[in-house]
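1. Predicted coordinates and the sequence they were generated for:
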2 protein chains.
Amino acid sequence: MSFFPSALDDLVEKFASLPGVGLKSAQRMAFHILSLSDEEAGDFARAILNAKSNVHTCPVCQNLTDQEECSICRSAARDGEVICVVTSPKDVAAIERAREYNGKYHVLHGVISPLNHIGPDDIRIKELVDRVAGGQIREVIMAMNPDTEGETTAKYISRLLKPFGVKVTRLAYGIPVGASLEFADDATLMRALEGRQEI
Amino acid sequence: MSFFPSALDDLVEKFASLPGVGLKSAQRMAFHILSLSDEEAGDFARAILNAKSNVHTCPVCQNLTDQEECSICRSAARDGEVICVVTSPKDVAAIERAREYNGKYHVLHGVISPLNHIGPDDIRIKELVDRVAGGQIREVIMAMNPDTEGETTAKYISRLLKPFGVKVTRLAYGIPVGASLEFADDATLMRALEGRQEI
């Protein structure tokens, strides 16, 4: 049972539904919203609606964008014959921060994970195969997290791509096994890109 | 520099402005919003606007309410001659959970804190004095946190209320129920000894 007004309880419940947020933190967040000006609270609500309505996946690389086609896909300065395949948009951000890679990307939005009932058709593998089948692709770099699911996904994709005569590589194990790509430091990511090997 | 669409960056920034939320947590929250349905994201935004526009302070006790006067102030079943003075609406919720108190409340929305430039006029002390001056109040219970600022505030208020001939009390200090004497701090033990009662 709660002793707050229902509109406040509703907001606490919304914040508590976010990943990693418990009830006490959600209460602090809701009280923080009440302490904002009407304008600031309106800005917060609008930011949610804007992100939800304006951000979508790029039709080419499947990365998140608020434009028709993402800025990396549109860039003529980047090598369009190399595709780096990653699990999530956060991994694109991580690799971009390393300032070493100058090709394009493909975001799978997940990995093959039978335990979680995620099969090859549940992530953006078909879109990658279509890109390789249709374009002048020289090399595809697998940049999944170095865990079982990541490696399974990389091997599955490399088998699909072999018939097109494309070179398939993966990041070198400069990345500590078991860590998350999102949290790798720039130097480690750079080594991993330099040391990529054919699979 | 960020590598996310600006609408997503905006949302990350909003979440990162909440108390206790860092950049990585804010990113997870923003990605969670993107994973919601349009309807769910709309509900979230509406919950913020609703809480902000519907929740205000009760004109009598200053607690948060979404009605004209809060349910505790309106209740005829509660003893209107006793007022429990607390720092925040969360403290009302904490005391209500104990199911022991049947009087009314007064919420100060802060404590006197010279270091943070919060003086007596910055919290709802005047409203409490007006209530005591205007009504049939028998007892006022000070229920601030047992720290320097809480005690200063309680003493300040009790001096203001004395001229009205009202009984001013404060919560007992002592060993928390379920705690171990071995780990109690010196100040708590001293207070517990001072406040010892015959059994």
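-> Now that the structure is in, tell me what you want to look at.

2. Going by neighbour count, which residues of the lengthiest strand in chain A are buried?
-> Of all the segments assigned as strand in chain A under DSSP state E, the longest by residue count is strand A:79-86. Neighbour-count burial for strand A:79-86 flags A:Val82, A:Ile83, A:Cys84, A:Val85, A:Val86 (criterion: 16 or more other CB atoms under 10 Å in any protein chain shown). C-beta coordinates here come from the backbone N, C-alpha and C atoms, glycine included.

3. Determine how far it lies from the middle of the whole chain.
-> 15 Å (CA atoms, centre = their mean, to the nearest Å).

4. Show me what that strand is packed against.
-> helix A:89-97, strand A:103-107, helix A:125-134, strand A:139-142 (3 or more CB pairs under 8 Å, 6 or more residues apart in numbering or on different chains; DSSP states H and E).

5. tell me the angle it makes with helix A:89-97.
-> Per axes from the mean of the first three to the mean of the last three CA atoms, to 10 degrees, the angle that strand A:79-86 makes with helix A:89-97 is 130 degrees.

6. roughly how far apart are the nearest residue to A:Thr65 once chain neighbours are set aside and A:Ala192?
-> In space, and not counting its chain neighbours, A:Thr65 is closest to A:Cys58: 4.7 Å by CB to CB, 6 or more residues apart in numbering or on different chains. Going from A:Cys58 to A:Ala192 by CB to CB, to the nearest Å gives 24 Å.

7. same thing with A:Gln136?
-> Taking CB to CB, one finds A:Gln136 at 25 Å from A:Ala192.

8. So for these two, which residue has more residues nearby?
-> A:Ala192 (23 against 7; other CB atoms under 10 Å in any protein chain shown).

9. Which helix or strand contains the more buried one?
-> helix A:186-194 (DSSP states H and E).

10. remind me which residues of chain A are low pLDDT?
-> A:1, A:173-174, A:176-177 (pLDDT under 70).

11. Next, see if whichever helix in it runs longest gets close to chain B.
-> Taking DSSP state H as the criterion, chain A has its longest helix at helix A:38-54. Yes - contact of helix A:38-54 with chain B (CB under 8 Å from any CB of the partner chain) involves A:38, A:41-54.

12. quick one: contacts of the helix or strand following that helix?
-> Later in the chain than helix A:38-54, the nearest helix or strand by DSSP H and E is strand A:56-57. Here strand A:56-57 makes contact (CB atoms under 8 Å, 6 or more residues apart in numbering or on different chains) with A:Asn63, A:Leu64, A:Thr65, A:Asp66, A:Val107, A:His109, A:Arg124.

13. Mind doing that once more with 7 Å?
-> A:Asn63, A:Leu64, A:Thr65 (CB atoms under 7 Å, 6 or more residues apart in numbering or on different chains).

14. C-terminal to it, what's the next element?
-> strand A:64-65.

15. Quick one: list the elements packing against the helix or strand that comes right after that following strand.
-> For strand A:64-65, the following helix or strand on the C-terminal side (DSSP H and E) is helix A:71-74. Secondary-structure packing of helix A:71-74 (3 or more CB pairs under 7 Å, 6 or more residues apart in numbering or on different chains; DSSP states H and E): strand A:103-107.

16. Within its sheet, name the partner strands of the strand it packs on and how each one runs.
-> Taking DSSP bridges as the criterion, strand A:103-107 forms sheet pairs with strand A:79-86 (parallel).

17. Counting neighbours, which bits of stretch A:3-19 end up buried?
-> For stretch A:3-19, by 16+ other CB under 10 Å, it's A:3-5, A:7-12, A:14-16, A:18.

18. With distance to chain B as added columns, please give these in TSV.
-> Putting the buried residues of stretch A:3-19 into TSV (distance: CB to the nearest CB, whole Å) gives the following:
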residue	distance to chain B
A:Phe3	4
A:Phe4	6
A:Pro5	4
A:Ala7	4
A:Leu8	5
A:Asp9	9
A:Asp10	5
A:Leu11	4
A:Val12	9
A:Lys14	5
A:Phe15	8
A:Ala16	11
A:Leu18	5
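
19. can you redo the residues you listed as JSON lines with secondary structure?
-> Output for the buried residues of stretch A:3-19, formatted as JSON lines (DSSP: H, G, I helix; E, B strand; the rest coil):
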{"residue": "A:Phe3", "secondary structure": "coil"}
{"residue": "A:Phe4", "secondary structure": "coil"}
{"residue": "A:Pro5", "secondary structure": "coil"}
{"residue": "A:Ala7", "secondary structure": "helix"}
{"residue": "A:Leu8", "secondary structure": "helix"}
{"residue": "A:Asp9", "secondary structure": "helix"}
{"residue": "A:Asp10", "secondary structure": "helix"}
{"residue": "A:Leu11", "secondary structure": "helix"}
{"residue": "A:Val12", "secondary structure": "helix"}
{"residue": "A:Lys14", "secondary structure": "helix"}
{"residue": "A:Phe15", "secondary structure": "helix"}
{"residue": "A:Ala16", "secondary structure": "helix"}
{"residue": "A:Leu18", "secondary structure": "coil"}
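
20. Would you list the phi and psi of the residue lying closest to A:Asp91 once chain neighbours are set aside?
-> Excluding its sequence neighbours, the residue lying closest to A:Asp91 (CB to CB, 6+ apart) is A:Leu181, at 5.0 Å. In terms of degrees, to the nearest 10, the main-chain angles of A:Leu181 are phi -60, psi -40.

21. same check, this time on the one 3 residues further on
-> For A:Ala184, the backbone dihedrals are phi -70, psi 140 (criterion: degrees, to the nearest 10).

22. Please name the residues that touch it.
-> A:Ala184 neighbours (CB under 7 Å, 6+ apart): A:Ala94, A:Ile175.
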